[in-house]
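Novice: Sharing a model that was predicted from the sequence below.
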Protein chains: 2
Amino acid sequence: MKRYKKEDPVSYALGITLTFEMLKYAPEHARRVYIHSAMQKGEAFDKLEALCKELKIPMEYGDKPFNILSQKENCFCIGEFEKFERPVDAGANHVVLHNPSNAGNMGTIMRSAAGFGITNLVIITPAVDHFDPKTVRASMGALFHLNISVFSSFEEYAAQYGNRSMYPFMLKAQKKLSELTVQEPYSLIFGNEATGLPDSFLNVGTSVIITHSHRIDSLNLPIAASIALYEATKKDF
Amino acid sequence: MKRYKKEDPVSYALGITLTFEMLKYAPEHARRVYIHSAMQKGEAFDKLEALCKELKIPMEYGDKPFNILSQKENCFCIGEFEKFERPVDAGANHVVLHNPSNAGNMGTIMRSAAGFGITNLVIITPAVDHFDPKTVRASMGALFHLNISVFSSFEEYAAQYGNRSMYPFMLKAQKKLSELTVQEPYSLIFGNEATGLPDSFLNVGTSVIITHSHRIDSLNLPIAASIALYEATKKDF
């Protein structure tokens, strides 16, 4: 066993909460569960053991994987899963991340997207690894609820899924989010943390801005994406 | 010079962007600016030098403070400032953080609050250090725009500033954020990352929930706070 790398065929759900999410929502991809010697026996452990037995997922005991895979001190359970592909649904609403660079941010956006019922995520590369254990952790397991498709350019995505409303979020946009009425199916499109979306997106669908004071340059990326998700879906909740 | 500690009378703005924010919005508290030998000379540096001269802030050259204070590789400028008190304004809207535990989250909330024009922040202890350089960094300098008051209990805060609408955000609340019309002046109140607000807050003002799907247990704290800030202030932007 080695440190996680992007090229690896498997990734890891660190902690018992994430391991349960993996077993419940991606059981067909779960490979094994590692248990640390300091893992507390009790109700949660019994449930975990029963679920692993039911799903025929082996449990392995030992502390070595934890030294290699986890920096957190209180992580006593790790779920290993095969990376999987679940293409996005053409009829559904999408979140599109264009060149996202931070694993924590990507995971936080996954959590908000699942929270607001948008379970289809498109990633335009270059992009941070969406299976990085840091992404999985920040998603709080929301990753296991999502369909995810990866494209090497926005054009490639649009050619395949273009028959929909496109809403690129940009500081140069004219339409305010608070005045937008979304037309389904739609794609909410967000740029890179440092550089945002290229100006070419001003010609894509209806560009949208979350207006704010001049005290800040911009909102943090997962904050902007989550506000957009909230506004677009609030009639449903 | 030693590693930053909560008890220190000074804290640090890491990086040139944050240092500019410190010099522009809290010049009376700025003490000195450290410059790394790898700092690029050019337009930004000239502006920094001119501003320090104008404000009579000494610039100190040397790499040692960077080894002690900064983990980031590309940080070549650090602003040192005295911790300051600026009590919140009784007539203004407030964000209240009850027992927040994560510096990055607190900074992200400061950034969103400043972004949506709420520049008065109340912190109920125990709480993470709002002057921690990690908080300053996550705030992207928004800290320097804020009035901040710290109380050791919510009751103490309410006794002094209670003549206002109180909106505690809780998963058990009945009023949906999307159906709320805020009455000014108000306080948007948020609990700890792991535990939320205690049930006693169900009796404080009007408790509010940001409704979402059952795919997630809760929204990330800065996400929830920022959505609330957006919704409460969107008529102003």
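Specialist: Here it is on my side, so go on. Residues are numbered from 1 along each chain as shown, chains lettered A, B, ... in the order given.

Novice: pLDDT score assigned to residue A:12?
Specialist: pLDDT recorded at residue A:12 is 97.

Novice: just checking, it touches residue A:80?
Specialist: Yes. Using CB atoms under 8 Å, residue A:12 is in contact with residue A:80, at 5.7 Å. Just so you know, the C-beta spots here come from the backbone N, C-alpha and C atoms, and that holds for glycine as well.

Novice: Looking at these two, which has the bigger crowd around it?
Specialist: residue A:12 (26 against 22; other CB atoms under 10 Å in any protein chain shown).

Novice: Can you tell me the element the more buried one falls in?
Specialist: Assigned by DSSP states H and E, residue A:12 falls within strand A:10-14.

Novice: For that strand, which strands pair with it and how are they oriented?
Specialist: strand A:77-82 (antiparallel) (DSSP bridges).

Novice: Can you give me the buried ones in the next helix or strand after the strand it pairs with?
Specialist: Per DSSP H and E, the first helix or strand lying C-terminal to strand A:77-82 is strand A:94-98. Residues A:94, A:95, A:96, A:97, A:98 are the ones in strand A:94-98 that count as buried (16 or more other CB atoms under 10 Å in any protein chain shown).

Novice: contact partners of the lowest-mean-pLDDT helix or strand in chain A?
Specialist: Ranking every helix and strand in chain A by mean pLDDT, DSSP states H and E puts helix A:64-69 at the bottom, with a mean of 93. Residues from elsewhere that reach helix A:64-69, judged by CB atoms under 8 Å, 6 or more residues apart in numbering or on different chains: A:1, A:2, A:3, A:4, A:12, A:14, A:34, A:36, A:75, A:76, A:78, A:133.

Novice: Which of these scores worst on pLDDT?
Specialist: residue A:1 (80).

Novice: Relative to chain B, how far out is that residue?
Specialist: Distance, residue A:1 to chain B, using CB to the nearest CB, to the nearest Å: 27 Å.

Novice: Pull the contacting residues for that residue.
Specialist: A:64, A:65, A:68, A:69.

Novice: how about a cut-off of 7 Å?
Specialist: The neighbourhood of residue A:1, defined by CB atoms under 7 Å, 6 or more residues apart in numbering or on different chains, consists of A:64, A:65, A:68.

Novice: Tell me the one of these nearest residue B:208?
Specialist: Closest approach to residue B:208 among the contacts of residue A:1 (CB to CB): residue A:65, at 42.4 Å.

Novice: What count of nearby residues applies to the closest one?
Specialist: That count, for residue A:65 with other CB under 10 Å as the rule, works out to 17.

Novice: what about the strands in chain A?
Specialist: Secondary structure of chain A (DSSP state E): strands at A:10-14, A:30-35, A:59-61, A:77-82, A:94-98, A:120-124, A:147-151, A:165-168, A:175-176, A:186-190, A:208-209.

Novice: Any chance of the ones you listed in a markdown table with distance to residue B:144 as columns?
Specialist: Formatted as a markdown table, the strands of chain A follow (distance: least, CB to CB, whole Å):
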| stretch | distance to residue B:144 |
| --- | --- |
| strand A:10-14 | 36 |
| strand A:30-35 | 45 |
| strand A:59-61 | 51 |
| strand A:77-82 | 41 |
| strand A:94-98 | 31 |
| strand A:120-124 | 35 |
| strand A:147-151 | 39 |
| strand A:165-168 | 31 |
| strand A:175-176 | 27 |
| strand A:186-190 | 27 |
| strand A:208-209 | 25 |
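
Novice: how about those strands, which one is nearest residue A:235?
Specialist: Of the strands of chain A, nearest to residue A:235 by CB to CB is strand A:186-190, at 13.2 Å.

Novice: For that closest one, buried residues please.
Specialist: In strand A:186-190, counting by 16+ other CB under 10 Å, buried: A:186, A:187, A:188, A:189, A:190.

Novice: Thanks a lot, see you next time.
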